Each structure stands twice: as C-alpha cells, then as structure tokens.
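Participant: okay, here's the prediction I keep looking at, along with the sequence it came from:
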Amino acid sequence: MALNLLPEIESLAEEVAKLTGESPSDAVRRALEERKERLSLRVIRGGDRKAQIRRWLETEVWPQIPVETIGRRLSRAEEDEILGYGPTGA
C-alpha cells in the first residue's frame, strides 16, 4: 500500500532520519513500530488493572510485612504515632 504523505510529514521524516542516520522510510517504519508497541502495551496493561494491582501487592508488598503483624490491628497510640499526633492530640 503506497502512502501519499503531506510535505510536513515528509520533512519531519527527513529530520528524524538525519538525526538517526536512517533513511526516511526506515525512520517512519521504526516510529510506527515503536508507537504500535506502546499502544499494545497500554491495551494489555489496562485490561485488568485490579488483577495487576493484586499481583503487585502479593509479590512486592505483602511479602515484606512481618508475619507477626499480619491481621493485627493497630492500637490507638500506634495510629496516633503514625499520623504524627502527640499526647495533646495535635
């Protein structure tokens, strides 16, 4: 399939080709391949965001939590300390 490119697109392709040392056709082909790859990854990544987050939690976050703290609720004093509250509540 032959493409009729606008002069501004041809000019841009030539500029990129000069910067990369490629032919204008190779510069356009590579740019389209890179964009296609980025778009494909976005579709794959965006597919099941909830499952991705859960997988990340299971593999990266939860293994770092000490076993003795899993399932244990924080005391009021521990919550206050995390939030930066002092003895006066401020």
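Facilitator: Received, thanks.

Participant: contacts and neighbour counts: CA atoms only from here.
Facilitator: OK.

Participant: what about the chain, any weak spots by pLDDT?
Facilitator: 1-2, 42-47, 89-90 (pLDDT under 70).

Participant: after the lengthiest helix in it comes which helix or strand?
Facilitator: When the chain is parsed with DSSP state H, its longest helix is helix 24-47. Remark: after helix 24-47, the chain's next helix or strand is helix 49-56, criterion DSSP states H and E.

Participant: and the angle from that next one to helix 24-47?
Facilitator: Between the axes of helix 49-56 and helix 24-47, defined by axes from the mean of the first three to the mean of the last three Cα atoms, to 10 degrees, the angle is 80 degrees.

Participant: next one: helix 49-56 to chain centre, how far?
Facilitator: 13 Å (Cα atoms, centre = their mean, to the nearest Å).

Participant: swap in stretch 34-53?
Facilitator: On Cα atoms, centre = their mean, the centre of stretch 34-53 falls 9 Å from the chain's centre.
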